[in-house]
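1. the amino acid sequence is not available; the structure is as follows:
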Ligand code: ATP
Ligand code: MG
């Protein structure tokens with residue numbers, strides 16, 4: 001029988017309450033998710049509800065996986081059989097799969113990712129409106145918002161008032177028809193389609209209501225309109241609903257989440273019971289206090305208290321670093337040092353950041369110190385297509401027999417070398433037992449290939465030979481840059497990326513890679529050593545392998561993820577990097593005046609930490625190739641000064657100290 005004795009009285013009350021819909025509203029680390037997992041076990045063990053009649057929904061796949069594991073520990077593997085623990089999107093996918101024909105799809109339908117969808121929208125806009133892509137991001141965003149608000153294309157067209165809304169609505173309508181024609185859905189359809197299906201087909205809904213007798217929702221504050229509607233439909237007039245959430249952790253308004261859904265619950269479920277939890281079991285007193293003080297700067301609809309009896313713990317550290325490279329280096333060395341000094345494992349450490357692009361530098365530094373890490377969400381550096389492409393070129397430069405690399409680059413960018421040419425080249429090379437690149441210059445190839453194809457291949461072979469020669473005899477980095485220019489890789493990225501912005505970002509990754517080679521050469525130079533192109537690329541290949549290996553080794557890795565992705569998780573030691581104005585809070589939020597949402601994100605970040613919290617920022621940050629001065633984040637000033645150790649704060653810039661001087665003067669003047 002499930003043991004609820006480890007829960008505090010209020011948690012226990014929440015776990016055992018089954019007489020009506022329940023809302024548990026409480027701050028971070030107060031055991032909301034724990035209540036959900038215990039309650040599932042209680043429903044199965046004590047209430048006799050079969051596990052396949054229970055569904056729990058959470059926000060990320062990682063959180064769903066952890067939740068299922070926790071339930072399995074409580075009930076045993078058999079007890080949890082058939083239990084649904086998933087994200088909203090996976091739940092929706094399951095419903096569409098089972099109701100395929102009613103939903104209007106054929107079997108084998110596909111789910112398109114953001115980029116695929118962008119491509120379709122771009123085509124539609126180009127064809128129907130002659131648009132050249134300027135409005136693309138806006139339109140894709142708006143379509144997503146419409147879907148999250150459960151607005152169909154017909155409704156969108158009817159209510160469109162401005163020319164922009166008309167453009168969005170018309171594009172939406174054609175786009176949706178195209179998706180149907182492709183037998184495909186996008187991410188937002190995974191919620192919208194089942195919700196509309198339930199709304200329009202009572203008999204289907206009844207069937208699903210019979211299946212899901214009890215529904216539990218974690219991170220409720222981040223549900224959007226369509227998700228909320230899905231919950232309401234599934235629960236109907238029954239009592240089987242427990243939702244837990246924290247309005248202070250609502251961080252997805254930009255994706256249509258409506259924190260007001262928390263207050264709507266009371267209206268939609270008049271018998272709703274509210275339970276608040278107040279003890280935080282996660283963090284030390286200082287960390288919790290800092291989180292409470294920061295979030296107090298936001299207006300509050302719900303009154304919540306949160307305390308901890310874990311002792312004060314270590315002060316919160318703030319580190320000012322000279323630039324973004326030093327910042328990552330510092331974090332990497334601190335992790336290594338702390339682990340050596342205090343023992344523990346790498347997985348006790350998490351590095352959090354505002355945007356995925358920030359992971360690049362910390363990845364490089366962790367690799368340099370051979371620290372295994374796991375990047376959640378986003379793409380790891382060497383896993384990016386542009387890096388794979390350029391790495392393949394580099395591999396060929398140092399090893400012309402690398403056929404796998406040859407195959408990757410021969411048509412990237414396009415050189416009109418067709419598959420049958422490649423096939424014949426490959427057969428010929430195998431027969432002669434030589435590499436494919438060597439085969440391109442062999443006379444015998446004339447017998448097997450048409451002159452045009454042969455000519456293209458040879459030109460490619462000769463060109464690569466020349467670049468290789470330059471790389472060995474001349475400045476290697478100059479040769480690599482020439483190579484990237486020759487193939488017009490930037491142009492290629494522009495043709496093959498969703499937006500110019502994305503192309504630029506990808507090109508920056510390429511420059512970053514080239515920069516790394518330059519740095520290795522310079523460093524060796526300083527030490528009086530030589531670093532050839534072979535050495536440098538060899539090192540990069542090793543890092544690439546280390547990255548792959550660390551992806552395989554699930555167990556002991558530093559966790560890298562965005563602040564958004566960290567929601568619901570906890571780590572003994574947390575680093576939050578890039579604590580600068582325009583980065584955290586993000587520039588868009590400053591411009592759009594949505595600082596409160598950024599502050600909630602800050603609150604989420606701080607409350608992930610159990611024992612230590614370190615916040616870092618860089619005095620200078622490299623952006624678009626140029627290092628610009630930064631200002632530290634306003635959120636750092638909101639922290640209680642007595643509880644922090646701020647390293648490097650006094651090293652103020654001349655302008656700053658001048659301004660501070662003036663401020664002091666002003667306040668002195670006010671005294672008189
Ligand atoms: P978040 O808002 O960040 O999602 P949460 O409210 O879901 O947090 P949990 O993750 O459930 O909080 O719990 C935080 C930590 O406290 C976990 O390590 C959990 O095991 C522990 N915990 C929860 N309740 C208790 C309790 N009654 N006694 C001891 N530890 C507890
Ligand atoms: Mg939780």
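-> Thanks, I have it. Note that this is a predicted model, so its numbers are computed, not measured. Ligands and ions are numbered 1, 2, ... in the order given.
2. buried residues of the helix or strand encompassing residue 502, list them for me.
-> Assigned by DSSP states H and E, residue 502 falls within helix 500-526. Within helix 500-526, the residues that count as buried by 16 or more other Cβ atoms under 10 Å are 502-503, 505-510, 513-514, 516-518, 520-521. Bear in mind the C-beta positions are built from the backbone N, C-alpha and C, glycine included.
3. from those, which single one is nearest ligand 1?
-> For these, the minimum distance to ligand 1 (Cβ to the nearest ligand atom) is 30.8 Å, reached by residue 505.
4. grab the nearest non-local neighbour of the closest one.
-> Nearest non-adjacent residue to residue 505, counting by Cβ to Cβ, 6 or more residues apart in numbering: residue 357, 6.7 Å away.
5. and the helix holding residue 502, how far out from the chain middle?
-> From the chain centre to the centre of helix 500-526 is a distance of 23 Å (Cα atoms, centre = their mean, to the nearest Å).
6. helices or strands up against that helix?
-> Applying 3 or more Cβ pairs under 8 Å, 6 or more residues apart in numbering; DSSP states H and E, we find helix 500-526 packed against helix 359-368, helix 385-398, helix 476-486, helix 489-496, helix 533-552.
7. so where is the protein shaky, pLDDT-wise?
-> Within the chain, the stretches with pLDDT under 70 are 108, 115-116, 377-379, 498-499, 545-554, 624-625, 651-672.
8. point out the residues in it that sit beside ligand 1.
-> Residues of the chain found near ligand 1 (Cβ under 6 Å from any ligand atom) are 6-8, 11, 26, 28-34, 246, 249, 281-282, 568, 570, 607.
9. give me the buried subset of those residues.
-> Buried residues within the residues of the chain next to ligand 1, counting neighbours by 16+ other Cβ under 10 Å: 7, 11, 26, 28-34, 246, 249, 281-282, 568, 570, 607.
10. which of those fall in strands?
-> Mapping these onto strands (DSSP state E) picks out residue 26.
11. give me the contact list for stretch 506-516.
-> Applying Cβ atoms under 8 Å, 6 or more residues apart in numbering, the contact partners of stretch 506-516 are 360, 364, 381, 384-387, 390-391, 477, 480-481, 484, 489-490, 493, 497, 540, 624-625.
12. got the residues of the stretch 251-400 of the chain near ligand 2?
-> Taking Cβ under 5 Å from the ion, no part of the stretch 251-400 of the chain reaches ligand 2.
13. now do the helices in the stretch 251-400 of the chain.
-> Using DSSP state H, counting those that start in this stretch, the helices of the stretch 251-400 of the chain run over residues 261-268, 285-295, 324-342, 359-368, 385-398.
14. mind putting those into CSV with mean neighbour count?
-> Converted to CSV, these look like this (neighbours: other Cβ atoms under 10 Å):
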stretch, mean neighbour count
helix 261-268, 16
helix 285-295, 23
helix 324-342, 18
helix 359-368, 22
helix 385-398, 21
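15. export those to JSON lines and tack on distance to residue 533?
-> What follows is those, written out as JSON lines (distance: least, Cβ to Cβ, whole Å):
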{"stretch": "helix 261-268", "distance to residue 533": "57"}
{"stretch": "helix 285-295", "distance to residue 533": "48"}
{"stretch": "helix 324-342", "distance to residue 533": "23"}
{"stretch": "helix 359-368", "distance to residue 533": "19"}
{"stretch": "helix 385-398", "distance to residue 533": "6"}
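16. of all those helices, which one is nearest residue 635?
-> Taking Cβ to Cβ, helix 285-295 is the member of these nearest to residue 635, at 6.2 Å.
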